[in-house]
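Asker: need a 3D model of the following:
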Amino acid sequence: MVILKPFRPLYYSGNYENVTSPPFDSISRELESHLKLCDFNITHLTLPGNGSAYGKKLMLNWKRAGQIVKADDDSILIIKQKFQFQDRLMIRYGLIGLVAINPDDGSVKPHEQTFPERVSERVSVLQNIDAQLEPIFIAVNEPDLTKTLIHFTEHTEPNFSFKDTESVQNCVYLVSDNKVKELMQMLSKCPAMVADGHHRLEASRSISMKELGNKERFWSSVMAYITDINSESLLIGGIHRVLMNDIDTQQMIDFVNQFFGATTMPEGEVSNVIELRIKRKSLFFDASSLKGIGYKFISPVHTLNEIVMKRIHQMNHPRSELEIQYVHDPILARKRVDSGEASVAFIMPPWNRELLFKLVNDRGVLPQKSTYFYPKVASGIAINQFEDRTDIA
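Answerer: You can find the predicted model right below:
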């Protein structure tokens, strides 16, 4: 069940081409440096290199300069995204509004565990700036959502449009009044899963539990992007693991051969097959075919974390930490191994969306960095800022 509310978003008044960014936790240092060449890019707020307090002052300056403005009315933002995937033109519709998250009644289900240090860092940034800077990403099981959003926006010019850093074309429409009421009613009975933004979600919940009065009410809802999980334009991949430690690669190959029966070509159900990239070559193993130890298969990421990574830890040194990089681009993961920068990479398969939704409903949260939903929703489309007024509800 999604309790949706409209809000008066802050948004950029001028050209959007250089001011948005991917979500804060998917930006490389190189991309961050490039994005910050624009003085008004949202990363100056989401990744404030000069400290959290700097962001609040900077946003005030942007408002005074008219660089960001507040919508006249309480609104919902509808987003039409167009992108290419495997030589096909894909179009996805979604919306941005406020979603109630506290008290937590379990109706909006997170699907991944979080890293505590990441949550603490987000609390510091968001609390100091008194604003929600990026929407979390929620997938709902509502097949009628897409056609409703198409109906609301067809034959209408967008309020603004831009191409993001992933070359996704975004058209953004602000809607209000009866259209908002219809969307609120439609989503009120929908099963919902948090697809992305778990650290932002937990940070908002943490702040709301510490605040009182209007601030507590403000942080009890979070700015969220919502789309239908049934849409073929919602792509769900795995997040690949790149191991930076120097390990005995032959032992790794022997282990995979012994317990999974590795092959040089993918075999079996594609959503279960993990690619092991090692010494410029690839081996493939079916994560569901583990032999001899009585392990009950749950998903490829569970097998990797609970069986393979534990074995690597023993091989490396039981008291040393594994240095793992999480990468969503398989080409980049392979490149880091082939260049000698990393020892091995595990290229994770795409998710079966029915299995994913069932796992979240049946088992709760998955391990950290289990999924990669694409396309992401750009940060900077809208900002929800706290206002100290008596009519916040």
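Asker: next helix or strand past whichever strand or helix holds E202?
Answerer: Assigned by DSSP states H and E, E202 falls within helix 198-210. Downstream of helix 198-210, the first helix or strand assigned by DSSP H and E is helix 213-219.
Asker: and that next one, C-alpha only, in PDB?
Answerer: Provided in PDB are the C-alpha atoms of helix 213-219 (Å, rounded to 0.1, in the frame of the first residue of the first chain):
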ATOM      1  CA  GLY A 213       6.500  18.600  15.400                       C
ATOM      2  CA  ASN A 214       6.500  19.800  11.800                       C
ATOM      3  CA  LYS A 215      10.000  18.500  11.200                       C
ATOM      4  CA  GLU A 216       8.900  15.000  12.300                       C
ATOM      5  CA  ARG A 217       5.900  15.100  10.000                       C
ATOM      6  CA  PHE A 218       8.100  16.400   7.100                       C
ATOM      7  CA  TRP A 219      10.600  13.500   7.400                       C
END
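Asker: what residues sit buried inside it?
Answerer: N214, K215, F218, W219 (16 or more other Cβ atoms under 10 Å). C-betas here are computed from N, CA, C, even on glycine.
Asker: check which helices and strands that helix is in contact with.
Answerer: helix 198-210 (3 or more Cβ pairs under 8 Å, 6 or more residues apart in numbering; DSSP states H and E).
Asker: where does pLDDT dip in the stretch 1-150 of the chain?
Answerer: 50-53, 103-106 (pLDDT under 70).
Asker: was I right about K376 contacting T20?
Answerer: No. Under the criterion of Cβ atoms under 8 Å, K376 lies out of contact with T20, with a separation of 10.5 Å.
Asker: can you pull the pLDDT of the spatially closest residue to R280 that is not a sequence neighbour?
Answerer: Counting by Cβ to Cβ, 6 or more residues apart in numbering, D338 is the residue found nearest to R280 once chain neighbours are left out, at 5.0 Å. Note for D338: predicted pLDDT of 95.
Asker: could you give the number of residues near D338?
Answerer: 15 (other Cβ atoms under 10 Å).
Asker: circling back: export the buried residues of helix 213-219 to CSV and tack on pLDDT?
Answerer: Formatted as CSV, those follow (pLDDT from 0 to 100):
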residue, pLDDT
N214, 90
K215, 91
F218, 94
W219, 93
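Asker: hmm, which two among those are most spread apart?
Answerer: Farthest pair in the buried residues of helix 213-219 (Cβ to Cβ) is N214 and W219. Separation: 9.8 Å.
Asker: residue ranges in the stretch 201-350 of the chain under the pLDDT threshold?
Answerer: 292, 315-321.
Asker: which one is F218 nearest to, not counting chain neighbours?
Answerer: Using Cβ to Cβ, 6+ apart, the nearest residue to F218 is F386, at 4.8 Å.
Asker: between the strand with the most length in the chain and helix 198-210, how big is the angle?
Answerer: In terms of residue count, the longest strand belonging to the chain (DSSP state E) is strand 88-100. Here the directions of strand 88-100 and helix 198-210 differ by 10 degrees (axes from the mean of the first three to the mean of the last three Cα atoms, to 10 degrees).
Asker: listing partners with orientation, what would you give for strand 88-100?
Answerer: Its sheet considered, strand 88-100 pairs with strand 4-5 (antiparallel), strand 76-85 (antiparallel), strand 221-228 (antiparallel) by DSSP bridges.
Asker: ok, then the element right after that strand?
Answerer: Assigned by DSSP H and E, the successor of strand 88-100 is strand 108-110.
Asker: so for the longest strand of the chain, what gets flagged as buried?
Answerer: Residues of strand 88-100 classed as buried: M90, R92, Y93, G94, L95, I96, G97, L98, V99, A100 (neighbour count, 16+ other Cβ under 10 Å).
Asker: could you do stretch 13-31 as well?
Answerer: Neighbour counts over stretch 13-31 (16+ other Cβ under 10 Å) mark Y16, N18, V19, T20, S21, P22, P23, F24, D25, S26, I27 as buried.
Asker: same check, this time on stretch 121-141
Answerer: Those would be 121-123, 125-140, for stretch 121-141 by 16+ other Cβ under 10 Å.
Asker: now intersect the residues you listed with the strands, please.
Answerer: Using DSSP E, these in strands are A131, Q132, I136, F137, I138, A139, V140.
Asker: okay, now the closest residue to the fourth one other than its chain neighbours: neighbour count?
Answerer: Counting by Cβ to Cβ, 6+ apart, the nearest residue to F137 once its immediate chain neighbours are dropped is D196, at 3.7 Å. Other residues within reach of D196 by the criterion other Cβ under 10 Å amount to 25.
Asker: kindly report the same for the one 3 residues further on.
Answerer: Taking other Cβ under 10 Å as the criterion, the count of residues near H199 is 24.
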